[in-house]
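Undergrad: Show me how the following folds:
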Amino acid sequence: MQPQKDPVPKPAKIEAAVSLLADPDRRIVEACRSRLIAWGTLARPALERAARGAPARVRVRARAVIRTLDVRDWVGGVQGLVQGDLAQQPEGPCDHHVLERAAATIAALLRPDAPDAGGCARVLQRLAEDVMEQMRERSSGGGKARVLALTLAADHGFTGESGAAFDPDHVFLDTVLERRRGMASCMALLYVLVGRRAGLDVRGVELPDRYLVRVHGARAVLLDPFRDGVVVTKADCMRHLRHLGLAAHARELLDDVEDWRLLDAMLHDLQRVYGYREDAEICLALQEGRKAFREVFVGESATRAPRVRGGGRSPTSREGRR
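TA: Have a look, this model is predicted:
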């Protein structure tokens with residue numbers, strides 16, 4: 001026997017459930033909360049009215065329900081993006097427009113007024129035009145990689161933020177573009193997006209607690225966006241990996257990674273931020289977002305081991321500027 005679907009609630013029933021959020025019996029409150037969450041968008045107008053003008057207890061609890069609905073919608077948006085645009089990308093680097101939409105979707109976490117992908121795209125295009133202008137006099141791959149780093153770091157001031165672990169604004173692309181400071185994952189994404197808009201083949205390279213980018217050309221060049229785009233040699237990376245006891249994984253760790261791993265790393269960084277804040281609801285939502293990537297790109301039953309994410313210091317870098 002099939003269970004009956006929950007009928008569409010009448011407005012009076014929704015209002016009654018909202019008012020019962022003030023009930024002293026926690027069982028009644030939880031029952032009403034569950035019902036309001038199940039009603040979703042139908043309950044939102046009544047919840048928003050209560051969040052603005054109801055007595056204090058109802059106001060606080062109505063806001064908590066709205067937050068849960070917002071988080072649920074965000075998870076749905078990430079899942080839809082992964083299963084749609086990202087899953088349909090061909091092998092190799094993603095179209096930069098798709099990556100920008102993905103970054104904008106991530107940045108919408110509890111930020112209903114966050115700019116859409118178009119707002120970020122205009123800034124990224126201006127940066128890419130600056131890079132292309134500077135590249136006109138450079139022909140080698142190494143020269144172009146250095147131009148990318150100099151334009152973003154020296155000319156525009158983009159660099160890593162060492163105290164970023166407690167602030168989600170250092171992961172969200174729009175605020176990183178505004179503040180010019182960010183965590184390693186978002187700084188790497190910035191270089192990838194600007195580089196690809198400028199016509200370069202730029203890929204992410206994931207080391208433990210560090211994201212580098214590789215600019216391909218006649219000679220591939222590794223840059224560290226977190227440290228002002230300095231050039232990093234393979235020897236630098238090997239010393240770092242040996243220090244962490246990970247030299248045996250060097251071949252895997254120094255390979256280019258798929259673009260979805262850049263986005264997954266951003267979610268991982270956000271998990272750390274909200275873990276510090278002990279926000280279990282957001283951490284669970286972020287875990288669901290990361291699960292969506294693995295279900296599509298790795299497979300639920302895949303035996304492939306996750307890439308090593310150990311701690312430790314960043315590789316010693318060699319300044320590539322003259």
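Undergrad: Now for the residue nearest to residue 172 when sequence neighbours are not counted, how many residues are close by?
TA: Distance criterion CB to CB, 6 or more residues apart in numbering; nearest residue to residue 172, sequence neighbours excluded, is residue 107 at 3.9 Å. Using the backbone N, CA and C atoms, a C-beta is placed for each residue, glycine as well. Neighbour count of residue 107, defined by other CB atoms under 10 Å: 24.
Undergrad: Just list the residues touching residue 179, thanks.
TA: 161, 169-170 (CB atoms under 8 Å, 6 or more residues apart in numbering).
Undergrad: Filter these down to the buried ones, ChimeraX style.
TA: Buried members of the contacts of residue 179, defined by 16 or more other CB atoms under 10 Å, are picked up in ChimeraX with:
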select :161,169,170
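Undergrad: now the helices for the protein?
TA: 11-19, 26-39, 44-53, 56-81, 96-107, 117-135, 141-149, 173-179, 184-197, 234-243, 250-253, 259-276, 280-297 (DSSP state H).
Undergrad: Just name the most buried of those.
TA: Most buried of the helices of the chain, by mean neighbour count (mean count of other CB atoms under 10 Å): helix 184-197, with a mean of 26.
Undergrad: Nearest to residue 89, out of the helices of the chain?
TA: Nearest to residue 89 among those is helix 96-107; the distance by CB to CB comes to 6.1 Å.
Undergrad: got the CA positions of that closest one in CSV?
TA: In CSV, the C-alpha atoms belonging to helix 96-107 read as follows (Å, rounded to 0.1, in the frame of the first residue of the first chain):
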residue,chain,number,x,y,z
HIS,A,96,35.5,28.6,-17.7
HIS,A,97,31.9,29.7,-17.8
VAL,A,98,30.9,26.4,-16.1
LEU,A,99,33.5,26.7,-13.4
GLU,A,100,32.4,30.3,-12.7
ARG,A,101,28.8,29.2,-12.3
ALA,A,102,30.0,26.5,-10.0
ALA,A,103,32.0,29.0,-7.9
ALA,A,104,28.9,31.3,-7.8
THR,A,105,26.8,28.4,-6.6
ILE,A,106,29.2,27.6,-3.8
ALA,A,107,29.3,31.3,-2.8
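Undergrad: just checking, what packs against it?
TA: helix 56-81, helix 117-135, helix 173-179, helix 184-197, helix 259-276 (3 or more CB pairs under 8 Å, 6 or more residues apart in numbering; DSSP states H and E).
Undergrad: Now the third one: average pLDDT?
TA: Helix 173-179 shows a mean pLDDT of 95 in the predicted model.
Undergrad: CA atoms of that helix as PDB?
TA: Taking C-alpha atoms only, helix 173-179 is exported to PDB below (Å, rounded to 0.1, in the frame of the first residue of the first chain):
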ATOM      1  CA  LEU A 173      35.000  33.800  -5.200                       C
ATOM      2  CA  ASP A 174      33.200  37.200  -5.200                       C
ATOM      3  CA  THR A 175      34.600  38.300  -1.900                       C
ATOM      4  CA  VAL A 176      38.100  37.100  -2.800                       C
ATOM      5  CA  LEU A 177      37.900  39.200  -6.000                       C
ATOM      6  CA  GLU A 178      36.800  42.200  -3.800                       C
ATOM      7  CA  ARG A 179      39.300  41.700  -0.900                       C
END
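Undergrad: can you pull the contacts of the spatially most central residue of the chain?
TA: In the chain, the centroid-proximal residue (CA atoms, centre = their mean) is residue 266; its distance is 3.5 Å. With contact taken as CB under 8 Å, 6+ apart, residue 266 is in contact with 103, 106, 171, 183, 185-186, 189.
Undergrad: how about a markdown table for those, with distance to residue 48 added?
TA: Shown next, in a markdown table, are the contacts of residue 266 (distance: CB to CB, whole Å):
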| residue | distance to residue 48 |
| --- | --- |
| 103 | 28 |
| 106 | 25 |
| 171 | 28 |
| 183 | 33 |
| 185 | 34 |
| 186 | 31 |
| 189 | 34 |
